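Peer 1: Coordinates only, no sequence provided:
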């Protein structure tokens, strides 16, 4: 399955991008305007990535300062990085996907879908699949030190057998 995904990413997506550029947008707008549009959406995407990245970084720090783990902010940061990478890639299909990852309302849809897919799944009894509930590793308890009652008792030392002398044989 990973091989098919790599073929799709590195062969089919560029071919689809070229098709859209040469057969759909190019004839409708002309070559100079198509190139200008690709450059403009890359610049707009870079600006959007910068502003959204700063907003997520600010929320990340606020969450840390509040003493919470920034799960949502980390996922948003990853989606923004992918959105920026898609916008850097020349083409209209990847640009649309990149903008969808950078705009907060649509990014939240991607985030929720990604979090659902990344939840840990285990095999249950009978081979069925179920989602394992999140584990809480905090354990409440107390510990106290006690001195043993009374004086310590000495254990008798074991008797050692007498040492044998060893002489070299001649």
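Peer 2: The structure has been received and is ready for your questions. Keep in mind that what you see is a predicted model, and the values were worked out from it rather than measured.

Peer 1: Run through the chain and note the low-pLDDT ranges.
Peer 2: 1, 120-139, 148-170 (pLDDT under 70).

Peer 1: Nearest residue to the middle of it?
Peer 2: The centre of the chain sits closest to residue 75, judged by Cα atoms, centre = their mean, with a distance of 6.5 Å.

Peer 1: residues contacting it?
Peer 2: When contacts are counted by Cβ atoms under 8 Å, 6 or more residues apart in numbering, residue 75 touches 111, 114-115. C-betas here are computed from N, CA, C, even on glycine.

Peer 1: Who wins on neighbours among the residues you listed?
Peer 2: residue 111 (18 neighbours; other Cβ atoms under 10 Å).

Peer 1: quick check, it in a helix?
Peer 2: Yes. Applying DSSP: H, G, I helix; E, B strand; the rest coil, one finds residue 111 inside a helix.

Peer 1: Now do the residue nearest to it when sequence neighbours are not counted against residue 51, distance only.
Peer 2: Closest residue to residue 111 apart from its sequence neighbours, by Cβ to Cβ, 6 or more residues apart in numbering: residue 75 at 5.1 Å. Noted for residue 75: a distance of 18 Å to residue 51, by Cβ to Cβ, to the nearest Å.

Peer 1: and the residue nearest to residue 111, which of the three is it?
Peer 2: Going by three-state DSSP: residue 75 is helix.

Peer 1: Look up how far residue 16 lies from it.
Peer 2: 27 Å.

Peer 1: Equivalent analysis for residue 98, please.
Peer 2: 15 Å.
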